[in-house]
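> let me see the structure of the following:
(chains A and B)
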Protein chains: 2
Amino acid sequence: MTTTARHHVVIVGSGFGGLFAAKRLARADVDVTLVSRTVHHLFQPLLYQVATGILSEGEIAPATREVLKRQGNVRVLLGDVLDVDLDARSVTFAGEGTTTTLSYDSLVVAAGAGQSYFGNEHFAEHAPGMKTVDDALELRARIFTAFERAELAATPEARDRALTFVVVGAGPTGVEMAGQIAELANRTLAGEYRSIATSTARIVLLDAADRVLPMFDERLSRDTADRLRRLGVDVRLGGLVTDIDASGLTVRSTRDGGERRIDAETVVWAAGVEANPLGRMIAERAGADTDRAGRVRVEPDTSVPGHPEVFVVGDLMALDGLPGVAQVAIQSGRHAAATIAARVAGRPEPGPFRYWDKGSMATISRFAAVAEVGRIRLTGFVAWVAWLFVHLLYLIGFKNRVTTLLHWAISFVGRGRTQRAVTRQQIVARTVLQRVEKERVGGTAADAHVSEEARRRA
Amino acid sequence: MTTTARHHVVIVGSGFGGLFAAKRLARADVDVTLVSRTVHHLFQPLLYQVATGILSEGEIAPATREVLKRQGNVRVLLGDVLDVDLDARSVTFAGEGTTTTLSYDSLVVAAGAGQSYFGNEHFAEHAPGMKTVDDALELRARIFTAFERAELAATPEARDRALTFVVVGAGPTGVEMAGQIAELANRTLAGEYRSIATSTARIVLLDAADRVLPMFDERLSRDTADRLRRLGVDVRLGGLVTDIDASGLTVRSTRDGGERRIDAETVVWAAGVEANPLGRMIAERAGADTDRAGRVRVEPDTSVPGHPEVFVVGDLMALDGLPGVAQVAIQSGRHAAATIAARVAGRPEPGPFRYWDKGSMATISRFAAVAEVGRIRLTGFVAWVAWLFVHLLYLIGFKNRVTTLLHWAISFVGRGRTQRAVTRQQIVARTVLQRVEKERVGGTAADAHVSEEARRRA
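This next block holds a predicted model:
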């Protein structure tokens, strides 16, 4: 293998960590290759808006190469990393039928994390996660067709099962999903159905912990739970999911160990994350450690022990107990890039990574949020305005996206849910799944065939 | 089966015919049930904008029940019609795992048409049609990942194959697709790739006829072909597709019968339509005829011979050689509804359906279109403004959709292509398909594995 004269940085991943590492290298004397398994960067904090029909997937997932278009020293390639050879300093990936091996001088691994079902992989089929565009579109289809199923239901039991939505995990994503499903049921869809009142939908927010948003101040957790309850969300804490199938889930109480069944056909899994398997591969080969979630324990400068030229950032990185949030990914990606840039320029390296906690926020509903910045705690409308401001600021960072910005502004302030299309593929897949499950559990005749009498309105 | 006191109209389909039939019955003393296999109405004339990343699917596919929300006498149900019993006057459909039978007093069948491959069903896998949201999203993924594949290509042949786009069928949809792919390659994507110049992409517009837009005046056809050629589209007329596989297609000249191969991985099929099979079922049971495309030959008032209570409208209807366009569907749907409303009210029926030809239009690129209204023929910018005006007028017809209208206005005038997200499912499915084909045709080693030397920029 030959190397070109210029220092070559390979970045794996187009999420916050990878994208901001690439941007930070704009003026460095390096060639950058960013390899990603998706064509888009994903603005994950707004994924719940795609899952509930507010924004289109394109609005939160700009093409990575469009974002980096004007940065001449970066090329973007689509591919799944198959292998990292730390001794040969090369990365092998497969994309669109072509397998490619790239040698690197520096490597930044920002492959992120996926949903974790804590060993219960069979939950995934019935309870999609909330990590990717695929997840959000799948959930959007499931949520909207659940109301269709309720409208068609032959029995009150079938209707109630279709109208029960369970969100597992009461972190920001879970809180946002529960709040938005409640808004859908209580407001957006009100008056659109004839056989059901959508406001009778039951939305359950479940967590094994004893409060929602455990990373926030306790008062904010209480305020959030109160607001959710006022929206009609059934907030259930201290409940551990032990099983999920097509028609519901089983929950064990962390207090008394008692098991309860919840009949529900739509379940959202927002309960845990698991690092990309690339983390374990790299750790193993470097002789480094991983934590329980499979994240690589890195040196203070985010490099891998024994391999100062390899950096692991973002959700894949275990360092000082930092959480898997966008700001950690952005800042650690930038830090790794700054370290590389300094090295190449022969300047002193920035040294240990220091996270600047800009605070946390979560929206509950339109015009209501909670935010915590240092000692400042905001709730309600004020917090929502802060939330909007921060997200718009972030967006403005993406140049040349006026169209998107205007689209966003309209969607944020408007009441509309313009994104309600469901593909035939999704409907058919769902129907086939339902049929298979019905056969397995032995559905009743009343479920399968309904007479005219039951159908027509009185 | 019992019937309620009120006259019950069942409408099958939520396209232009079905939706406008339902709306026309707003003030009639009837109950309406609209059954559709999709949750959305589809504004099909703009489907090419979804396939090329300009609009999101939600913007052209509003939820049918949202559009009809305020019309209290309509209910909307999701389902595939399995059976129509003309004697018992009942429709049986399956939706979301529930099978339902509805009796009707009047029936309006507006089930539309799908793509026709003229008996070559195996073309479908390699050349998606342009009839549904599924089609548009599939094509969007194929078009955008084709450029990714070209960027990764190991050989010039593989790159050229990935950068060749063939649109089969030079009607309005084909012209619009070819024009938009050319804009993508020449403008939108310019400067985003490092190993390829996107403007070297080859876009072929193919038709067996001897001119594009055969339904328009000849001068407009010439003008359109000229404009497309200036955009870099290779307009090839008099060519019949005889085979399509994963790596290209075979075209037979209608002049000399000679066969030519075009190496291309992305093929759009916009060449023919075939009526929904429901047409043949109804015709058979009523003893009526269908035309070659499977459309039902109806009476002058759009009813089925011998069944004055059953109407077939839109693309499923064969009457006076009327074309399968939106205006025919809208007007025939309204006509059938007006006939039912008059009957129920005891007023004289409107009689034979008369189509008011409002003209035809097709966009070629941003700011250029052709339009023909009676003897008026418009081209270029003037035609584009007319096109925009007509489409915005139509949209305003959908109440309560200010958000969408603003989104549209921004997308139409802006240069942005904000909708470029590709799901992992699409990438993986495509890769698997490529691999299977490669194994079948025996790909070369160079295609499958590329060394570092070939990859790095000089």
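> so who does the most centrally placed residue in chain A touch?
The centroid of chain A falls nearest to residue A:131 when counting by CA atoms, centre = their mean (2.9 Å). Contacts for residue A:131 (CB atoms under 8 Å, 6 or more residues apart in numbering or on different chains) come out as A:44, A:47, A:113-115, A:273. Heads up, the C-betas are built off the backbone N, CA and C, glycines and all.
> please repeat the previous calculation with a cut-off of 7 Å.
When contacts are counted by CB atoms under 7 Å, 6 or more residues apart in numbering or on different chains, residue A:131 is found next to A:114-115.
> need phi/psi at it.
Here is the backbone geometry of residue A:131 (degrees, to the nearest 10): phi -120, psi -20.
> separation between it and chain B?
Residue A:131 sits 11 Å away from chain B, taking CB to the nearest CB, to the nearest Å as the criterion.
> do the same with residue A:413
The spacing between residue A:413 and chain B, counted by CB to the nearest CB, is 9 Å.
> number of residues surrounding that residue?
The burial count assigned to residue A:413 is 12, neighbours taken as other CB atoms under 10 Å in any protein chain shown.
> per-residue pLDDT of it, please?
In the predicted model, residue A:413 carries a pLDDT score of 70.
> and what about residue A:249, helix, strand or coil?
Judged by DSSP: H, G, I helix; E, B strand; the rest coil, the three-state class of residue A:249 is strand.
> hey, what's it bridged with?
residue A:244, residue A:262 (DSSP bridges).
> repeat that for residue A:234.
residue A:204.
> put the alpha carbons of stretch A:260-267 into PDB.
Included here for stretch A:260-267 are C-alpha records, laid out as PDB according to Å, rounded to 0.1, in the frame of the first residue of the first chain:
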ATOM      1  CA  ARG A 260     -48.800  -7.200  35.100                       C
ATOM      2  CA  ARG A 261     -49.900  -7.500  31.500                       C
ATOM      3  CA  ILE A 262     -50.600  -4.500  29.300                       C
ATOM      4  CA  ASP A 263     -52.500  -5.200  26.100                       C
ATOM      5  CA  ALA A 264     -51.000  -2.900  23.500                       C
ATOM      6  CA  GLU A 265     -50.100  -3.200  19.800                       C
ATOM      7  CA  THR A 266     -47.800  -0.200  19.500                       C
ATOM      8  CA  VAL A 267     -44.700  -0.200  21.700                       C
END
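> correct me, but residue A:241 touches residue A:249?
Yes. Taking CB atoms under 7 Å as the definition, residue A:241 is a contact partner of residue A:249 at 5.6 Å.
> contacts only, for residue A:330.
Counting by CB under 7 Å, 6+ apart, residue A:330 makes contact with A:16, A:20.
> from residue A:109, how far off is it?
According to CB to CB, to the nearest Å, residue A:330 and residue A:109 sit 16 Å apart.
> count of neighbours near residue A:258?
In terms of burial, residue A:258 registers 8 neighbours under the definition other CB under 10 Å.
> from residue B:292, how far out is it?
The spacing between residue A:258 and residue B:292, counted by CB to CB, is 67 Å.
> ditto for residue A:154
41 Å.
> and those two? Which one has more around it.
Here residue A:154 and residue B:292 are compared on neighbour count by other CB under 10 Å; more neighbours surround residue A:154, at 21 against 9.
> so that one, which state does it fall into?
Under three-state DSSP, the three-state class of residue A:154 is coil.
> pretty sure it contacts residue B:97?
No. Using CB under 7 Å, residue A:154 is not in contact with residue B:97; the gap is 9.9 Å.
> now do the contacts for residue A:170.
Under the criterion of CB under 7 Å, 6+ apart, the contact list for residue A:170 reads A:205, A:207, A:209, A:212-213.
> change it to 6 Å
Residue A:170 makes contacts with A:205, A:207, A:212, as judged by CB atoms under 6 Å, 6 or more residues apart in numbering or on different chains.
> hmm, the first one is touching residue A:231, no?
Same thing as residue A:205. No. Using CB atoms under 6 Å, residue A:205 is not in contact with residue A:231, being 10.3 Å away.
> residue A:228 should be in a helix, yeah?
Yes. The assignment for residue A:228 by three-state DSSP puts it in a helix.
> once you drop chain neighbours, what's closest to it?
Across the structure, with CB to CB, 6 or more residues apart in numbering or on different chains as the measure, the residue nearest residue A:228 apart from its sequence neighbours is residue A:235 (5.5 Å).
> show me the shaky parts of chain A.
A:1-4, A:395-404, A:414-416, A:430-458 (pLDDT under 70).
> give me the domain ranges for it.
Listed domain ranges for chain A are A:7-115+A:274-345, A:123-271+A:360-413 (source: automatic domain parsing).
> quick check: end-to-end length of the first one?
Yep, that's domain A:7-115+A:274-345 we're talking about. The first and last residues of domain A:7-115+A:274-345 sit 10 Å apart, counting by CA to CA, to the nearest Å.
> same question, the last one
As for domain A:123-271+A:360-413, its first-to-last residue distance stands at 36 Å under the measure CA to CA.
> tell me how far it lies from the chain's centre.
Its chain's C-alpha centre lies 13 Å from the corresponding centre of domain A:123-271+A:360-413 when counted by CA atoms, centre = their mean, to the nearest Å.
> what do you get for the shortest one?
Taking CA atoms, centre = their mean, the mean C-alpha location of domain A:7-115+A:274-345 is offset from the chain mean by 16 Å.
> and residue A:84, backbone torsions?
Backbone torsions of residue A:84, given as degrees, to the nearest 10, read phi -120, psi 120.
> burial of it, as a residue count?
By other CB under 10 Å, 22 other residues sit near residue A:84.
> out of everything not next to it in sequence, what's closest to it?
Among residues not flanking residue A:84 along the chain, residue A:91 sits closest, at 5.4 Å (CB to CB, 6+ apart).
> quickly find the element holding that neighbour.
Element membership of residue A:91 [criterion: DSSP states H and E] is strand A:90-95.
> by contact count, what packs against that strand?
Here strand A:90-95 is seen to pack against strand A:80-85, strand A:98-103 when contacts are counted using 3 or more CB pairs under 6 Å, 6 or more residues apart in numbering or on different chains; DSSP states H and E.
> list the neighbouring strands of the last one plus their orientation.
As defined by DSSP bridges, the strand partners of strand A:98-103 come to strand A:90-95 (antiparallel), strand B:449-450 (parallel).
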